[in-house]
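# build me a structure from this.
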Amino acid sequence: MPSRAADYDFPDFSGSGRPPNFVVIPGIRIAARRQIDADTSVETYLLTQIGLAGRPFVIGASGFSGGVSVSRNFGELSWSVTVESTPSWDGLFNSYASTGTELQTQISRTYVFAGTPWSISPRLFLGYRFSTDSTKERSKVQLALPVFYRINADLDIVFVPKIDQRHVPHWTTVRNDVVANVAIGARYQWRPGVQVSAFVGYENRWSSAPEVRYSRWLIVPQLSLRADF
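Numbering: from 1, shown residues only. I've put the predicted structure just below:
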């Protein structure tokens, strides 16, 4: 199942005016994973999402994220490298917007508090996205601290604070953003290979470009399907 709880980097909504302050982003993730050895695995995945915003809700953007990820455990430490493609459209796959290709790496470690249902998994993420729309090219450095509370073998409550810095070199001027996000939600393992999750989050983006600054609430439900072979 996805290791980056409550993680999403949905494309900005097109159009003029202030970015929406309430967004719902439902998604479906389909993946296949191969366990190479006890510490190494390879996963291919496809995530499709649509962004609902406005009053009443309209589909402001839609897109896919698909890629290949290699993960390796070094004792308690986990490291992964991913290559991801991210085509996006305005509306419901209506007007093609752009395609990004992102190189990502992350390192994390999980700490389990013995005798309690609590665990934490601090994570450092680095990524660079190239894009057919040069204004969407960017680097990203993110720090996150997911906190897990295990209800039972199938259900976790998850709290995720995170902050990232993004450098956008080809905006109208060079642009730098800082995005802070706090989310809380649940992950339910319905059956082997099938997980349902839902998160409510609040996100703020400070930027050197005033037109892209925002504060917004997000609801992110997701169905995840994975086959292991």
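# who touches the residue lying closest to P117 once chain neighbours are set aside in this structure?
Beyond its immediate neighbours in the sequence, the residue positioned closest to P117 (CB to CB, 6 or more residues apart in numbering) is R150, lying 4.2 Å away. The way it works is simple: take the backbone N, C-alpha and C, and place the C-beta from them, glycine included. By CB atoms under 8 Å, 6 or more residues apart in numbering, R150 lies in contact with 117-119, 156.
# most neighbours out of those, which is it?
Neighbour count (other CB atoms under 10 Å) singles out D156 as the most crowded of the contacts of R150, with 20 neighbours.
# tell me which element that residue falls in.
Secondary structure from DSSP states H and E places D156 in strand 155-168.
# packing partners of that strand?
Here strand 155-168 touches strand 138-144, strand 147-150, strand 175-191, strand 194-207, going by 3 or more CB pairs under 8 Å, 6 or more residues apart in numbering; DSSP states H and E.
# can you list contacts of that strand?
Residues outside strand 155-168 that contact it (CB under 8 Å, 6+ apart): 5-7, 125, 135-151, 174-189, 199, 201, 209.
# which neighbours does that strand have in its sheet, and in what orientation?
The sheet places strand 155-168 alongside strand 138-144 (antiparallel), strand 147-150 (antiparallel), strand 175-191 (antiparallel), with pairing taken from DSSP bridges.
# would CSV of those with distance to S224 be doable?
As requested, those are arranged in CSV below (distance: least, CB to CB, whole Å):
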stretch, distance to S224
strand 138-144, 18
strand 147-150, 16
strand 175-191, 9
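# if we can go back for a sec, what is the nearest of the contacts of R150 to R216?
Distance to R216, by CB to CB, is smallest for D156 among the contacts of R150, at 25.1 Å.
# and that closest one, bridged to which residues?
R150, R187.
# what of Y128?
With DSSP bridges applied, Y128 shows beta-bridge pairing to L103, S139.
# that older thread, now, of the contacts of strand 155-168, which are buried?
Buried subset of the contacts of strand 155-168 (neighbour count, 16 or more other CB atoms under 10 Å): 5-7, 125, 136-138, 140, 142, 144, 146-148, 175, 177, 179, 181, 183-185, 187, 189, 199, 201.
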